[in-house]
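Visitor: everything below, folded, please.
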Amino acid sequence: MQLGLSYSKHSAVISAFGREYTKTGIMDSKFHRWLIDAQDFRNIGDYGIDTHISEADANAVCKWASEFIEQAEEFLQKHGN
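Guide: Numbering: from 1, shown residues only. Have a look, this model is predicted:
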């Protein structure tokens, strides 16, 4: 399923994912929450001065990414992409 959408900011991609895929029921809403949380962790990692990401949090994000990729691949296989 190709929507022909284009974005220049991570926040816009995450917002569009929520609008186009989770609010419509195409993907589980946990994936939208995970994207939001992962972006927050990225911002802390890139810009946090006194805050650090724990190893447990980093491992959780890797698990989320793996599950997200698995679900995305299944979705694409079902929809001919």
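Visitor: regarding the protein, what is its longest helix?
Guide: Ranked by residue count and defined by DSSP state H, the top helix of the chain is helix 55-78.
Visitor: the closest residue in space to T51 that isn't next to it in sequence: which element?
Guide: In this structure, T51 finds its nearest non-sequential neighbour in I44, 5.2 Å apart by C-beta to C-beta, 6 or more residues apart in numbering. Every residue, glycine included, has its C-beta placed from N, CA and C. For I44, the element it lies in under DSSP states H and E is helix 29-47.
Visitor: show me what that helix packs onto, helices and strands only.
Guide: helix 10-17, helix 55-78 (3 or more C-beta pairs under 8 Å, 6 or more residues apart in numbering; DSSP states H and E).
Visitor: identify the residues contacting the residue nearest to T51.
Guide: By C-beta atoms under 8 Å, 6 or more residues apart in numbering, I44 lies in contact with T51, H52, I53.
Visitor: next, name the residue at the spatial heart of this protein.
Guide: Nearest residue to the geometric centre of the chain (C-alpha atoms, centre = their mean): L35, 3.0 Å.
Visitor: residues in contact with that residue?
Guide: By C-beta under 8 Å, 6+ apart, the neighbours of L35 are I14, F17, G18, F68.
Visitor: from what I can see the second one touches S29, true?
Guide: No - taking C-beta atoms under 8 Å as the definition, F17 is not a contact partner of S29, at 10.5 Å.
Visitor: show me which of these two is the more surrounded one.
Guide: Using other C-beta atoms under 10 Å, the more surrounded residue of F17 and S29 is F17, with 19 against 12.
Visitor: pLDDT wise, what is the more buried one at?
Guide: With respect to pLDDT, F17 scores 94.
Visitor: any idea how far it is from I36?
Guide: Using C-beta to C-beta, to the nearest Å, one gets 10 Å for the distance from F17 to I36.
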